[in-house]
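>>> could you look at this predicted model? Sequence included:
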Amino acid sequence: MRRFAHFVRPWLPSHRCRSSFSGSTKMIRRFILKFAAAFLALFAAGGAACADDYPSRPITLVAPFPPGGALDLIARALAQKLQEQWGQTVVVDNRSGAAGIIGTTQVARSAPDGYTILLGATTTHGINPSLYKSLQYDAVADFEPVSLVATIPHLLVVNPGLPVHTFGDFVKLAKEKTLPFGSAGIGSPHHLAGEMLKSQLHLNLQHIPYKGSAPAMTAVMSGETAFMSVEVTAASQYIKAGKMRPIAVAAAKRLPTIDVPTFAEVGLPGFEVTAWYAIFAPKGTPRPIVDKLSQALAKAVHAKDVQTRFASLDATPVGSTPDELRRYVDSEIKRWAQAVKAANVSMD
């Protein structure tokens, strides 16, 4: 409301004349305040009316990574449940490339009407803001947080031929000799997790980047590298086949499917590396629409069939509020900024 008063101030009587027109000035100010209040009420009513009609046409859910991965599978599970709830088509659009930047930028530049939304992730909204100095989008300023929908923790896995059965064994060996570790690429969560271990425990580690997590895991299994930090979803089948040995899980709690201790249990409290997935809308999307989306997503992730689907990915359903997601993203940006700095990497 102060902006309205500031706008009309040049047209108010000068200081020398204010005593003569004090009554008129008060009337003008009252008029401005009433006008501003009416305008804000009308704006809020308009947003609520939009939410009542939403969605009235198909929605595009942009997945900024290729088909077949965990993010894509989570996007398709959510799209199906939203479609069932609303009776409107929800199309998953895979716009992959450049560490999720292409698809994320597209959504940032879309109309803020709730009909183009994004399934963002650790990379797009946690790591990229620090890794790219000239990022084409602002992870905070260009988006409305909607809901954190799922998380998948990382595991520390080693080649089964190594004399490493516990985290203590791993630390001891990494202090005696240089251990090569693989990742899905420079600046990926797999890379930064290894760099965090290196800096926090003063280990002798050498990073070898690969073009994706699949070839990086192949390198661990073949003995080309000694270990890596990788999502449970990707590693689980190889662990069951005895091709990788799990050492610790980078989560607050133990996994129900793979019996290994958390990093906190082995003496490294606070060491958590999580692949997380969250829905974002373009900045300026009306709050009533954001809230309606968030509530629908919370219902979706707690549906029995979605929970079964998530369990097959070793993913934990969340379904947060917009404000909870906002705080989570802020904390993740700060945490990964420290990791990027410790690794001394930049993609610019």
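Thanks, I have it.
>>> alpha carbons only for contacts and neighbour counts from here, please
Noted.
>>> export whichever strand in the chain runs longest to PDB, keeping only CA atoms.
In the chain, taking DSSP state E as the definition, the longest strand is strand 143-158. Taking Å, rounded to 0.1, in the frame of the first residue of the first chain, the C-alpha atoms of strand 143-158 are listed here in PDB:
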ATOM      1  CA  PHE A 143      10.200 -20.600  -9.400                       C
ATOM      2  CA  GLU A 144       7.300 -21.200  -7.000                       C
ATOM      3  CA  PRO A 145       8.000 -24.200  -4.800                       C
ATOM      4  CA  VAL A 146       5.100 -26.600  -4.800                       C
ATOM      5  CA  SER A 147       6.000 -29.900  -3.100                       C
ATOM      6  CA  LEU A 148       9.000 -32.200  -2.300                       C
ATOM      7  CA  VAL A 149       7.600 -35.500  -3.600                       C
ATOM      8  CA  ALA A 150      10.300 -38.100  -3.000                       C
ATOM      9  CA  THR A 151      13.900 -38.800  -1.900                       C
ATOM     10  CA  ILE A 152      16.400 -41.500  -2.700                       C
ATOM     11  CA  PRO A 153      19.600 -41.800  -0.600                       C
ATOM     12  CA  HIS A 154      23.100 -42.600  -1.900                       C
ATOM     13  CA  LEU A 155      25.100 -45.600  -0.900                       C
ATOM     14  CA  LEU A 156      28.900 -45.900  -0.700                       C
ATOM     15  CA  VAL A 157      29.600 -49.000  -2.700                       C
ATOM     16  CA  VAL A 158      33.000 -50.700  -3.400                       C
END
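>>> tell me the mean pLDDT for that strand?
Across strand 143-158, pLDDT averages out at 98.
>>> off-centre distance for that strand?
Relative to the chain's own centre, strand 143-158 is displaced by 7 Å; criterion: CA atoms, centre = their mean, to the nearest Å.
>>> show me where the protein has its strands.
Using DSSP E, the strands of the chain run over residues 59-63, 90-94, 116-121, 143-158, 179-183, 205-209, 227-231, 245-249, 274-282, 316-317.
>>> those: which one's closest to V266?
strand 245-249 (8.1 Å; CA to CA).
>>> what helices and strands are in contact with the closest one?
Counting contacts by 3 or more CA pairs under 8 Å, 6 or more residues apart in numbering; DSSP states H and E, strand 245-249 is packed against strand 143-158.
>>> the strand it packs on pairs with which strands, parallel or anti?
Strand 143-158 sits in its sheet next to strand 227-231 (antiparallel), strand 245-249 (antiparallel), strand 274-282 (antiparallel), strand 316-317 (antiparallel), going by DSSP bridges.
>>> and those, which is most packed in?
Highest mean neighbour count of the strands paired with strand 143-158: strand 227-231, a mean of 29 (counted as mean count of other CA atoms under 10 Å).
>>> mean confidence for that one?
Mean per-residue pLDDT for strand 227-231: 97.
>>> begin at 53 from here
Right, with 53 as the first residue, what we last looked at is strand 279-283.
>>> CA atoms only: put that strand into PDB for me.
The C-alpha atoms that make up strand 279-283 are tabulated as PDB, following Å, rounded to 0.1, in the frame of the first residue of the first chain:
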ATOM      1  CA  PHE A 279      34.200 -47.200  -5.200                       C
ATOM      2  CA  MET A 280      31.500 -44.600  -5.800                       C
ATOM      3  CA  SER A 281      28.600 -42.900  -4.200                       C
ATOM      4  CA  VAL A 282      25.400 -43.800  -6.000                       C
ATOM      5  CA  GLU A 283      21.600 -43.900  -5.700                       C
END
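>>> Provide the contact partners of that strand at residue level.
With CA atoms under 8 Å, 6 or more residues apart in numbering as the test, strand 279-283 has contacts from 204-211, 231-235, 242-243, 245-246, 265, 268-269, 272, 326-327.
>>> how about the longest strand of the chain: buried residues?
195-210 (16 or more other CA atoms under 10 Å).
>>> now the two most distant members of those residues.
E196 and V210 (39.3 Å).
>>> excluding covalently adjacent residues, which one is nearest to R378?
The shortest distance from R378 to any non-neighbouring residue, by CA to CA, 6 or more residues apart in numbering, is to P197 (5.8 Å).
>>> give me the beta-bridge partners of the one you found?
F332.
>>> ok, which of the strands paired with strand 195-210 comes nearest I169?
Taking those one by one with CA to CA, strand 326-334 is closest: 4.8 Å.
>>> what's the angle from the closest one to strand 168-173?
Going by axes from the mean of the first three to the mean of the last three CA atoms, to 10 degrees, strand 326-334 is angled at 160 degrees with respect to strand 168-173.
>>> returning to what we had before: kindly indicate which of the buried residues of strand 195-210 lies nearest K133.
Nearest to K133 among those is V201, at 12.8 Å by CA to CA.
>>> ok, of the buried residues of strand 195-210, which one's closest to T373?
Nearest to T373 among the buried residues of strand 195-210, with distances taken as CA to CA, is S199, at 5.5 Å.
>>> ok, that closest one - contacts?
330-332, 346, 349-350, 371-374, 376-377.
>>> how does it look with 10 Å?
Counting by CA atoms under 10 Å, 6 or more residues apart in numbering, S199 makes contact with 171, 329-333, 342-343, 345-350, 370-378.
>>> all helices of the stretch 103-252 of the chain, in order?
With helices called from DSSP state H, counting those that start in this stretch, the stretch 103-252 of the chain shows them at 122-138, 153-160, 174, 180-183, 219-228, 241-253.
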